[in-house]
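In: the sequence isn't on hand, but the structure is:
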């Protein structure tokens, strides 16, 4: 069953590679260019004007390939729906940032409430619509969690979108780490003979590799919230559908740490009347302001993501 894996990956990669140049030209033509917030590190201000909303390139290449070549499209529809819905939500936020001279998007409280509601609806779709109620627990095997999988799945999707969105801040950082995460889910899906999910993971990897062709430092295009939210939703949904949702805290530990660094920074700032624990959050910006070169930060994060991916696959066999 190599075909359901190799073909979607190659097709998605070629689609992304071929569509990339004209799509980036279109983004420039419509002036969909990144605005950099004033408080971000000085190195990032040189990237102002780089085309953004490149996430549609990933979404389009991955879903076209997977839906065309998957042995079972019905399994893919919930993930496709999640990626499209969160991609649209992210696009609205990207457009709001472009219209704001300060580069600030929609109000955080409205985004959090909306993302949580969408995550709940998607989790209900999987549990009630597909009857998926099991999850793998190392040393215990597959457990039937029944309706408890709804809140667990909701949190997985919600924190998946939030975590990937926080990691997306340096050239190639989000694309590279998520490609490694999907590689782990690909290995787990193959082990469980979940061919449709395996083909989707392969297509996502191919699309992300094609995107990295244009997003590696120095980036010619950014994925924006359009891509980050869609990828986070896909991570949560594939983990939920495949029964790997209890392994997501390990697979997504890097995203969780980035998200926690933001929460800690905000809490410390309010508690101390304006003092900062980190130079800036998320943590990759703290490293940047501490003198780490951008490429070095990205490479170290990729190494950590690879380690977590291997650990996740190992736990999926216990």
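Out: Here it is on my side, so go on. Given the structure is predicted, the values throughout are model-derived calculations rather than measurements.

In: use CA for all of it now, contacts and neighbours both
Out: Fine.

In: which residues of this protein fall in helices?
Out: For the chain, helices defined by DSSP state H occupy the ranges 3-29, 42-45, 55-69, 73-99, 108-124, 130, 149-167, 173-191, 195-215, 224-242, 248-251, 253-271, 283-289, 294-315.

In: mean confidence for the fourth one?
Out: What it means is helix 73-99. Across helix 73-99, the average pLDDT comes to 93.

In: using TSV, lay out the helices of the chain together with mean neighbour count and distance to residue 277.
Out: Below are the helices of the chain laid out as TSV (neighbours: other CA atoms under 10 Å; distance: least, CA to CA, whole Å):
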stretch	mean neighbour count	distance to residue 277
helix 3-29	19	37
helix 42-45	14	20
helix 55-69	23	32
helix 73-99	20	27
helix 108-124	17	21
helix 130	13	45
helix 149-167	24	18
helix 173-191	24	23
helix 195-215	28	31
helix 224-242	28	26
helix 248-251	20	24
helix 253-271	17	6
helix 283-289	20	10
helix 294-315	18	20
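
In: so, low pLDDT: which residues of this structure?
Out: For the chain, the stretches with pLDDT under 70 are 1-3, 35-46, 101-106.

In: please identify the residue most distant from the middle of it.
Out: Each residue of the chain has a distance to the centre, and by CA atoms, centre = their mean the biggest one is for residue 273: 33.3 Å.

In: distance of that one relative to residue 11?
Out: 53 Å (CA to CA, to the nearest Å).

In: ditto for residue 32
Out: 27 Å.

In: and if you look at residue 159?
Out: 30 Å.

In: take the helices of the chain and write them to JSON lines, including distance to residue 138.
Out: Below are the helices of the chain laid out as JSON lines (distance: least, CA to CA, whole Å):
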{"stretch": "helix 3-29", "distance to residue 138": "26"}
{"stretch": "helix 42-45", "distance to residue 138": "42"}
{"stretch": "helix 55-69", "distance to residue 138": "29"}
{"stretch": "helix 73-99", "distance to residue 138": "24"}
{"stretch": "helix 108-124", "distance to residue 138": "22"}
{"stretch": "helix 130", "distance to residue 138": "24"}
{"stretch": "helix 149-167", "distance to residue 138": "17"}
{"stretch": "helix 173-191", "distance to residue 138": "13"}
{"stretch": "helix 195-215", "distance to residue 138": "21"}
{"stretch": "helix 224-242", "distance to residue 138": "15"}
{"stretch": "helix 248-251", "distance to residue 138": "12"}
{"stretch": "helix 253-271", "distance to residue 138": "17"}
{"stretch": "helix 283-289", "distance to residue 138": "30"}
{"stretch": "helix 294-315", "distance to residue 138": "6"}
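
In: figure out which of the ones you listed is closest to residue 140.
Out: Ranking the helices of the chain by proximity to residue 140 (CA to CA) places helix 294-315 first, at 10.9 Å.

In: other SSEs contacting the closest one?
Out: helix 173-191, helix 248-251, helix 253-271, helix 283-289 (3 or more CA pairs under 8 Å, 6 or more residues apart in numbering; DSSP states H and E).
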